[in-house]
Each structure stands twice: as C-alpha cells, then as structure tokens.
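Visitor: Only the shape, not the letters, is given here:
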C-alpha cells in the first residue's frame, strides 16, 4: 500500500536516504522543514543527489498534516519542540521517531534522558492516540543514500502498538533493511543507547559503519 | 596468563557455562555462593555436568579474596548486597558484572535502574579502585554449557579502564566469544537494555537464543 510519508527535518542524511528508498518503493514523499524555503532547498539537494526521487516541500506543519505516516529526523535538541508544534495533526497516525539522544561532545557515552528514552518521551508528549514507533537509530545514514547498497544492519522497532510496529517493519523492508519487533516504546532505550557503542566501535578503526545484526537459531 | 577466577553466584547457567569454558582454557576456577555448603553443591552439579572441569567451592567472601578476577553472576535483586559484602577484597581487581536489571514479571520491557545501568551502580558502590567491567548480558547461557558449541552472539564490554576491558575481551575469546570495546561503564545500559529485546524476539518464535552480532565494513 502506498503511503504519503512526511519526513520532518528531512534535510539530514538519514531523512534523505529514507526518502530516496521509500520514493523508489512507490510512496509519496513530503520533506518538511522549519520553513517552506528550507524544505525547498532540501528537495533541491535531494534531486541533485537522486534525480529520479520525487518529493514535495512543505513546512513542518503542512507536512505533518499531509502525511499519513510522519517521520521525525530532527536533531535531539529539537525533537520535542518539533512534535509540540505539529501535535494537532498527528492523531491516529504513525510517527516514526529516529531520535538518538546524543549529548555532544560526549557522543560515545550513553546519556539517556530522564525516563530512559527519547522515543518514550515523544510518546508521553503525544499521548496514546498517536502511535510512536522508534526505529533506524543504528543505521549508518550514508549507506542509505545509494539505493542499491545492501544494508547489513538490522532495525530494532519499538512501539506500544503491534500493528504500527508491523507497518514500520514493512517500511524498513521496502528500504532494504530487516526490522524486528522489539517490544514497547520503553525498549527504544536499547537502540538509542546502542548508537553510542557503535560510535565507540567505529572510532577504534577496525571496522566502519558499525551496526548490529540479530542472530539466533531458526525454529522449525 | 592463567588467572584465578572467582565466580560469585556460580550456581546459575551463565556462571557454570563460563566456569566450564574458562577451566578448559587453563584458569583456576572458584565457585562462590552465600554459604560454603551451597558452593559445594554447585561444584558437585558442575562436575556431574562436566567431569573434566576442576573448580573449588568457597563462600562468597573467601572466593572474592582468593580470585584475582571476580565475576558476579547473582540475580539482580542480590547484586549490590553481594558486592557490599565482599567490597573489601576487591581493591585493584577486575570485577566482571553480568547483571541484567530485569524486573519480573515484565522481563520483556526495558526498566533500567536509577542512574541508567546496573553495572554503573556497581562501579559507583565500589569506587574507582575497583575495575568494574560489564559483559555477557546478551549471551544465551545454555549455549555456553557445551564447550564445543560455537557462540555467534558478540559481547559488548563496557568499563572505565581500557586495560580491564581488554582483559575481559581476551577472556571472552577464551570462552569462544567475540568481545568489543563498548566504552565507559555507563554504556552498559545498552547491553542491559538489549536483553529485554532479545527476550521479545525469542518470544516471537521465529528464532531462539537470539543474540547480536556487530557488523560493518572492514577498514583496510
């Protein structure tokens, strides 16, 4: 099923990478930003990088209203303020929160927010009529830009509503990634914390673009 | 280098599995428990399971004093009390903390303790003269019992002292597992939280013994 996917803050590498891959999968993409002008710049940059990607520009309020799925890819410092500004347009929708609560300069140290998780804070702000799903925190964003590139890193998908998680697992698959049901939104803490560990591992220089893969024994 | 490894609470599956593998690697193993009698029972059970494993029984205080590396494998509810009881014997030693702060009955939901991590709480209790290293939270313990069994799951190794982490990475390798420097002890939060996600994944029934593997691109 084709969706209208609004990517708020779609000016970063993760937002543009997801836009490129989801557009190819047949979804309508809206890039949202704080102003229409910034969103238009982002769409121009996206088309320069990936001419075949169709995307529309709107300010965040317009994008949140137009999307039936809303993706939040703004920096942690703007996460809750951005959601607060568009809250009224989110009722009944899936909000995919990719926020990692990194606190510069110590981005290699886990510093989880009060309450344990940025995504749980978003869910608390928005209320249970909005289906917050946490995902994509552990993906090296630059790998997404080339839509042919295989992504080895799995996606931990947390959220209080199973149907909403399932939809995000399907969207992850359409973007070339394996998603896993990871439990309620509180469990986003694991994915958020893992990012600092992946940063540590990248710094050691043995591998780059570190990610995680779920392993185990197949059950027959 | 051969160590004397004291496993406090070595009566569970993780403790006995590590004992079997480290004994084979040539280390002297002491099984500690609340009483000498319980430790002796644990050693008897261990030998019934693995006749070639040499291990001595001591109460926790004796074990902590005798070991040059101390491993804490007691349930979360007893973690800090056990450390408090043997604190005086730990100065200058590596303490490997495998504690996962699961809070039954909701073991599939991340419920990190005040301060963010059980291992960080242990480090705070013991002070910086004790080198707490967090590891092995994500290993399906029953896989360790058969020393020939290959473990696919990697080990995230957190701790404030790099030398101490490196030693635990070597011990993980001797037990058949790949360890990774995961940063300071605060980063144990990621490994502790991940366990609830692995429980969620196991429950879904597609795979069992779920674990994580670090993936990435080799740097040449």
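Guide: Looks like it arrived, so ask away. The shown structure was predicted, so the numbers you read here are calculated from the model rather than taken from an experiment.
Visitor: Following the chain past the host helix or strand of residue A:165, name the next helix or strand.
Guide: Element membership of residue A:165, judged by DSSP states H and E, is helix A:162-174. Sequence order places strand A:179-181 as the next helix or strand after helix A:162-174, per DSSP H and E.
Visitor: Could you identify the helix or strand that succeeds the lengthiest helix in chain A?
Guide: Counting by DSSP state H, the longest helix found in chain A is helix A:188-204. Beyond helix A:188-204 on the C-terminal side, the first helix or strand identified by DSSP H and E is strand A:207-218.
Visitor: Tell me the buried residues in that next one?
Guide: A:207, A:209-212, A:214-216 (16 or more other Cβ atoms under 10 Å in any protein chain shown). For every residue, glycine as well, the C-beta is placed using N, CA and C.
Visitor: Which pair of those spans the longest distance?
Guide: Distances among the buried residues of strand A:207-218 were taken as Cβ to Cβ; the most separated pair is A:209 and A:216, at 22.8 Å.
Visitor: follow-up on the earlier one: I'd like the buried residues of strand A:207-218 laid out as TSV, including pLDDT.
Guide: Compiled in TSV, the buried residues of strand A:207-218 are given as follows (pLDDT from 0 to 100):
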residue	pLDDT
A:207	96
A:209	96
A:210	97
A:211	98
A:212	98
A:214	98
A:215	98
A:216	96
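Visitor: from the residues you listed, which are also near chain B?
Guide: By Cβ under 8 Å from any Cβ of the partner chain, the members of the buried residues of strand A:207-218 lying near chain B are A:207, A:209-212, A:214-216.
Visitor: closest to residue B:128 among those?
Guide: residue A:210 (28.3 Å).
Visitor: nearest spatial neighbour of residue A:121, skipping sequence neighbours?
Guide: Nearest in space to residue A:121, with sequence neighbours left out and distances taken as Cβ to Cβ, 6 or more residues apart in numbering or on different chains, is residue A:115 at 5.6 Å.
Visitor: quick one: secondary structure of the one you found?
Guide: The three-state label given to residue A:115 by DSSP: H, G, I helix; E, B strand; the rest coil is coil.
Visitor: Please name every helix or strand in contact with the helix or strand containing residue A:45.
Guide: Per DSSP H and E, residue A:45 falls inside helix A:36-49. When contacts are defined as 3 or more Cβ pairs under 8 Å, 6 or more residues apart in numbering or on different chains; DSSP states H and E, helix A:36-49 packs onto helix A:13-24, strand A:28-33, strand A:56-59.
Visitor: what do you get if the cut-off is 6 Å, keeping everything else the same?
Guide: strand A:28-33, strand A:56-59 (3 or more Cβ pairs under 6 Å, 6 or more residues apart in numbering or on different chains; DSSP states H and E).
Visitor: Would you format the ones you listed as a markdown table with mean pLDDT and distance to residue A:122 included?
Guide: Formatted as a markdown table, the helices and strands packed on helix A:36-49 follow (pLDDT from 0 to 100; distance: least, Cβ to Cβ, whole Å):
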| stretch | mean pLDDT | distance to residue A:122 |
| --- | --- | --- |
| strand A:28-33 | 97 | 16 |
| strand A:56-59 | 97 | 20 |
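Visitor: Against residue A:55, how distant is the residue nearest the centre of chain A?
Guide: Nearest residue to the geometric centre of chain A (Cα atoms, centre = their mean): residue A:98, 3.3 Å. Distance of residue A:98 to residue A:55, given as Cβ to Cβ, to the nearest Å: 17 Å.
Visitor: Repeat that for residue A:197.
Guide: Noted for residue A:197: a distance of 33 Å to residue A:55, by Cβ to Cβ.
Visitor: Of these two, which one has the most company?
Guide: residue A:197 (29 against 23; other Cβ atoms under 10 Å in any protein chain shown).
Visitor: Enumerate every residue touching that one.
Guide: B:182, B:187, B:190 (Cβ atoms under 6 Å, 6 or more residues apart in numbering or on different chains).
Visitor: Looking at those residues, which is nearest residue A:39?
Guide: Ranked by distance to residue A:39 (Cβ to Cβ), those are led by residue B:190 at 33.9 Å.
Visitor: How about that closest one, nearest residue that isn't a chain neighbour?
Guide: residue A:193 (3.6 Å).
Visitor: Give the burial count for that neighbour, as a bare number.
Guide: The local packing of residue A:193 (other Cβ under 10 Å) involves 31 other residues.
Visitor: Quickly note the distance from residue A:62 to residue A:11.
Guide: Residue A:62 is 16 Å from residue A:11, by Cβ to Cβ.
Visitor: Also residue A:78?
Guide: Separation of residue A:78 from residue A:11 (Cβ to Cβ) stands at 12 Å.
Visitor: Residue A:62 and residue A:11: which is more packed in?
Guide: residue A:11 (21 against 18).
Visitor: what's near enough to touch the more buried one?
Guide: Going by Cβ under 6 Å, 6+ apart, residue A:11 touches A:33, A:42.
Visitor: Using the three-state scheme, assign it.
Guide: With three-state DSSP as the basis, residue A:11 sits in coil.
Visitor: gap between it and chain B?
Guide: Distance of residue A:11 to chain B, computed by Cβ to the nearest Cβ, to the nearest Å: 26 Å.
Visitor: Distance-wise, check that residue relative to residue A:39.
Guide: 8 Å.
Visitor: likewise residue A:19?
Guide: Taking Cβ to Cβ, one finds residue A:19 at 12 Å from residue A:39.
Visitor: Now do the residue lying closest to residue A:155 once chain neighbours are set aside: how many residues are near it, please.
Guide: The shortest distance from residue A:155 to any non-neighbouring residue, by Cβ to Cβ, 6+ apart, is to residue A:179 (4.2 Å). Residues near residue A:179, counting by other Cβ under 10 Å, number 22.
Visitor: show me the contacts for residue A:179.
Guide: A:155, A:157, A:169, A:172.
Visitor: Now list the buried members of those.
Guide: Using 16+ other Cβ under 10 Å as the burial test, those include A:155, A:157, A:169, A:172 as buried.
Visitor: What is the three-state secondary structure of the second one?
Guide: Secondary structure state of residue A:157, per three-state DSSP, is strand.
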